[in-house]
Structure formats: C-alpha cells, structure tokens
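In: The following block contains a protein sequence and its predicted model.
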2 protein chains.
Amino acid sequence: MRIAVDAMGGDHAPRSIVEGVVLAAREDPSALELILVGLEDEIRDELDQLKAGRLPISIVPASEMIEMHEKPVDALRQKKDSSITRTIDLVRDGAADAAVSAGNTGAMVAGSLLKLRTLAGIDRPAITVLMPNPVTGVTVLLDGGANAECKPFNLKQFGVMGSIYAEKVLAVDRPRVGLLSMGEEQSKGIPLTRDSYALLEKEPINFIGNIEGHDVFDGTVDVVVCDGFTGNIVLKMSEALASAIGKIIKTRARRTPLSALGATLMRPTFRYLKKKVDASEHGGAPLLGINGTVIICHGGSNGTAIRNAIRAAERFVQHNVNELITRCLRANGANAHDATSNEAPSKEETSDGSSA
Amino acid sequence: MRIAVDAMGGDHAPRSIVEGVVLAAREDPSALELILVGLEDEIRDELDQLKAGRLPISIVPASEMIEMHEKPVDALRQKKDSSITRTIDLVRDGAADAAVSAGNTGAMVAGSLLKLRTLAGIDRPAITVLMPNPVTGVTVLLDGGANAECKPFNLKQFGVMGSIYAEKVLAVDRPRVGLLSMGEEQSKGIPLTRDSYALLEKEPINFIGNIEGHDVFDGTVDVVVCDGFTGNIVLKMSEALASAIGKIIKTRARRTPLSALGATLMRPTFRYLKKKVDASEHGGAPLLGINGTVIICHGGSNGTAIRNAIRAAERFVQHNVNELITRCLRANGANAHDATSNEAPSKEETSDGSSA
C-alpha cells in the first residue's frame, strides 16, 4: 500500500511528519510504501538525521506550502505546487492509495473536493473523529469541522456514512446514531436539527433521535451527527478539558507529600488516561464521503500522531470503506439518492478552484 | 433578603430543594427569609423530617407543576397555578428579591420574560454559567441555553452583560470577552459569528475576537459569548467529560494494588477536582438581562446545589447586578441602545403567553 504524506503541514513540520513516517515504516517495512511530499532538501535532511536510508520512503517534491492561516480556496489557486495539492494529486493519479496531512484543514477539504470529488450520493464530506468514552470505548463524531454551515440533507448523509463506518470499521453492531441538539424531543433545538431529525428518521439506520452534550461521553450513542461548526467546538473543547483536568490534578497533588506520593503511584493510570483522551493517539480523522482516502491530522501532531494517522489510512483502505459506503447507499436506494435531488449544496470551493 | 424557591422543580424535588433551603437557612438564619413554593403538604412533610420548624422558611402554595418535558409557553398558559409561575410572581409583586428554580428551564425563561420583562436595552436574557478553568479559576459562558436561535445583536448584548458581570461580580479587571467560533480570524465561522464579531468590536468592552473550543478552559478568555444552542452543548458536554475522566481513572486505578493505593492517597485531590468541575458547586446560573433576579439550577441539583444557588441569588442582589448593567448600558449610550433599533427579536414567548 502506498500512502502519500504532506511533509510540510502542521505546527512541527517537517520534523514530526518525517518522524511519524519513519516510525510507521520501521514497524512495517514490507507492507507500506511511504511518500513524503514537500521541500526535498529539508525532507532529506530529516531522513538522514533519522538514518532512514533503507526504509521504503520516497520523496515527491513540492515547492510551496499553504500556511495554517491562509484562505483555503485562494491558497489552492495561487499555490499550484503546494505540498497539499501534490499530496492529493498522487491519490487522484493513482500513484498513492491514501493522503495524510496535518496542514491547513480547509485546504485539505477543498483540495480533496476539487480533485477527488465526493462519492455518488454524497454532497459534502465530513471530518470523522473518534472520541473516547469510558463505557463503549469510542464514539464517532461527524462533522468535526469540514463544513461550518450544513443543510439537513448534509446531516442525513453524515448519519448514514457514520453508521456504515462504525459498523464496518469499528465493528459496532447496529450503531446507535444520535443527532446532537439541546433537548431530547424532536421539537427541541434549531431548524437545522428539527429538519435533519425528520430526514434521519427515514433512513435505514438505527437513529435514536436527539442527543445532548452529556451523551457524547456516556456510551449511549455510537455515532454523533452535527454540523461542522458545532463539531469543531465540541472536539477542541474536549481535548482541552481533558488536559485542563490533568493540570488541576498535577498542581493540586503537589500540595502534600502524601498526595504527591499517590500521584507517583498512579502514574501508569494517568499515562493510560492521557493515551485515551489524547487526540494524537487516535491518529487523524478520515474525511468521509470523498472519493479517495484522505486522513486529516491535528495541526499539533507529533511523530506518534502521524504514525497513527498512517495506520488509520491503512485500515481505511483495507476495509474498503468507500466501496462499502457506495454499496450501502445504492442498496438503500431512493432514500439515499434523494439527497442529490434536494436543493444544491454550496460547492463554492469546487467551482471556485476548478482551474487549480 | 427574601428568596423564593420553586420547591417542585428538578429531578429530586421536593426533597433536595427543601434540603437546600434548610441548609441555607441554617447557615444564615438572620439574613435570609426563604419562601418555598409548591404543594404545601409535601413541603411541610419534608420540613418536618428535617426539623426545620424554627428556621425563617415560609410556604407559598402552588397546586400545579410544570414537568421537565412540557412545552414552556403552553405549560405556562395552561398551568396558571404552577410553582414556577408563583415563584416568579413573588418577584414581580415585590414579595421576594429573587427566584430560584431547578425546574423546566424553558418555562423559567419564558415566565421571567413574560412577567418580569428584560432590562432596558436588552432584547433577550442569557443563562450565565460559570465554568472552571485551571488558570484563572473561572470562565463566564453565556448563553447557556435560554435562546436556541440568536441574532447578532443578541450576542452583542450577551458580550456586554457578561463583561459587566465578570468585572463587577467576579472582580475581573478588564474582562477579556471572546466570541466562540471555529477559527481565530473574523472571516472564519458562520454568518452569525461573523456579524456578531463586527458588532462586538464596536462595544466599549475588551473584545479579544474569536476564540475556539480549547480556549474555554485555558484561561485566555474571561467571558465566552455564544448562542444558546452551542452554549448548551458546551455546558452539558463539559460536565459529562469531567465525570467520564473520573470514571476512567477510578476503573483503571483498581487494576494494581499500587495504583489503588495511589488513588487512596490522592483522594483529597480528587475531591477538590470534583468540587471544581461539579456544576452543583457553582450554584445555579443567573438569567442575565431579566429585570429581576432569577437563578436557574441544573435539573439534577442536590441539596448543596440548591444551597449554592440561594447564595448566588444573594450575591446577585447584593451586587445590584441589574442596576450596574442598566447604568453601564446607559453610559455606553448610542452603541448599546442601537440594539433595540435592530430587527425585532423573536418574542413569541412573551406575546404568546401574555394572557398567562
């Protein structure tokens, strides 16, 4: 399997990206071919420092970088030789089976839409995040931020895709799909959630209705459906809250020798907890609904996070997730395809950047 | 000071409500007069069991209850002798200085709007929640769920009220007010946040621009402004995440004798943490912007939570919060009053229920 990795994206690029690629290659040198995309000299320096000469890692040059603050569509149009563009190109051209990037999320989403398009029956892709919960282990949340504004049929499609992903990749039996809202009854919430509720109810999925903020972590739901604005806030908040709690514990435990000793004895527990809630451990989020395998990583990804994202890409390809989604949508028939006959979704990114 | 408490509202009513009232009265029997509103016999039974005969607690009868799942405006119209209605009536009629309820939040908001109205210059009230953070101690978030849908001028007013509350009640110097969105730049987010940004920028407050989910707990902001849909999700999620993390730690620590010992030694730290993140400790959220003092409690409130909510009501009245807000709005002049000249806000609750 060949996986293209944007070497220039993320807060610690290219170092942590190259580290992650080397980690993944060392673990599994026979099954993987890894392609680092970006400034050749910089990448080679990092590879040399890590003595990665014999690993199955190649470089595809890209002379430009899209910075985190740049406007996605403008940047894609202006920087035709960006590492993000070239990484996605490799997938489009069949030279790679998957793309991984910790760079500008908006540019990855817009670039993937533009060059790979969506699966048949899907209007917009969704960043699909795995969040830990202490009961069932993991909750799927989508959209984590690919679409700030969503229409009801987008949320319906997210529900269907999330259900398939949970069932086929995470082996959840009849995944419970919930719509994130501010009350249990269908009448509660905002027009978007009320209308999405009516659509989700008709799908051949195990839709359990509205869920609330506290349900995200209590194991009562397997797939949380929401718009990207809400999902992005939920996601960033939960990462930060976990670390805030860790800080409170640490500071407080230092106050007495006994609790400091307690903290020392509990170190393995805290390490386990950190691993459990640490976004980097979950290895990036698939951009579900794109006709290709695209894994989006946190900007702050370290080497381990990139390694895990590469593993996530591998699993995504091995499970034929896109084929499963397409097949399920086709089997669901009219219901799923109704989507495309609805009011056309906003596709500015695609049309705007079509010359890129 | 006289505080009216809805004895019938909440998952554990009337028991936990009466317990909370008795706790508050025992601590401070000279300064407080507490009024329990609801089914007289039930309340008296609870008071007898708690041997509260000599405390300054009186009962105002109300024969009906608004259940948690009822539609607020309909329920207020149909149940004219509900404990929520009667509790708010006491404030309107000057028989109480503040109202406290753990009952149907929507009914409390609609009833307060209807009977007490908003402060001059304010179109909609906001549930104003105090959230813990490990750096500055506490972050104010509003709206926590009074308004599922908001207009930009609502968010502007929330920012102004939140700033005044943080400065005057929490003694924060030049409170940093942030708009919860999904990217730092003004151009990021959704139309509501982009337009609210433009309005907040012009106010005489310390507006620091957009903030993201992770900023809620990192102490970089004192006042978080958002619509009630988003705020409600943030609030419920953060409560649940804290408890989920506690569960993970507990389960894991039992695995080895050493970590179990560590957990025992750290008990005071965990107790402190629980207190820090436990919503009940923060004692209810003021409904800011209402012409009166209204404190809304979590449905699951126990006696301690109700006691703390009574204390919060006391502080609110002592600080003359409403007078401070009115005075500041007047001093800000045109800017603040522009609000009312904007497109009229949705006031269905008020007009619908005006016969209640």
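Out: Everything's here; your move.
In: any idea how far residue A:317 is from residue A:34?
Out: According to CB to CB, to the nearest Å, residue A:317 stands 13 Å off from residue A:34. Quick note: C-beta positions are derived from backbone N, CA and C, even for glycine.
In: Residue A:1 reaches residue A:311, doesn't it?
Out: No: with contact defined as CB atoms under 8 Å, residue A:1 and residue A:311 do not form a contacting pair (11.1 Å).
In: Looking only at neighbour counts, state which of those two leads.
Out: residue A:311 (19 against 16; other CB atoms under 10 Å in any protein chain shown).
In: out of everything not next to it in sequence, what's closest to that one?
Out: Of all residues not flanking residue A:311 in the chain, residue A:283 sits nearest, at 5.7 Å (CB to CB, 6 or more residues apart in numbering or on different chains).
In: how deep is that neighbour tucked in, by neighbour count?
Out: Neighbours of residue A:283 under the rule other CB under 10 Å: 26.
In: what does the one 10 residues further on give?
Out: Close neighbours of residue A:293, defined as other CB under 10 Å, add up to 26.
In: Show the pLDDT at it.
Out: As predicted, residue A:293 sits at a pLDDT of 97.
In: for residue A:147, helix, strand, or coil?
Out: Following DSSP: H, G, I helix; E, B strand; the rest coil, the label given to residue A:147 is coil.
In: thought it was touching residue A:123?
Out: No: using CB under 8 Å, residue A:147 is not in contact with residue A:123; the gap is 9.6 Å.
In: what about the helices in the stretch 51-200 of chain A?
Out: A:72-78, A:83-92, A:105-116, A:152-168, A:191-201 (DSSP state H, counting those that start in this stretch).
In: Can you read off the pLDDT for residue A:280?
Out: Residue A:280 is given a pLDDT of 54.
In: next one: residue A:342
Out: Per-residue confidence at residue A:342 stands at 39 (pLDDT).
In: what ranges do the strands span in chain A?
Out: Applying DSSP state E to chain A gives strands spanning A:2-6, A:33-38, A:57-61, A:98-101, A:126-127, A:129-133, A:137-142, A:176-180, A:206-211, A:223-225, A:285-288, A:293-296.
In: now the first one: mean pLDDT?
Out: Mean pLDDT, strand A:2-6: 98.
In: In PDB, list the C-alpha atoms belonging to that strand.
Out: Extracted as PDB, the C-alpha positions of strand A:2-6 are listed here (Å, rounded to 0.1, in the frame of the first residue of the first chain):
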ATOM      1  CA  ARG A   2       1.300   3.500  -0.900                       C
ATOM      2  CA  ILE A   3       0.500   6.400   1.400                       C
ATOM      3  CA  ALA A   4       1.300  10.000   0.500                       C
ATOM      4  CA  VAL A   5       2.100  12.200   3.500                       C
ATOM      5  CA  ASP A   6       2.200  16.000   3.300                       C
END
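In: Report the angle between that strand and helix A:83-92.
Out: When axes from the mean of the first three to the mean of the last three CA atoms, to 10 degrees is applied, the directions of strand A:2-6 and helix A:83-92 differ by 170 degrees.
In: partners of strand A:2-6 in the sheet?
Out: Sheet pairing of strand A:2-6 (DSSP bridges) gives strand A:33-38 (parallel), strand A:98-101 (parallel).
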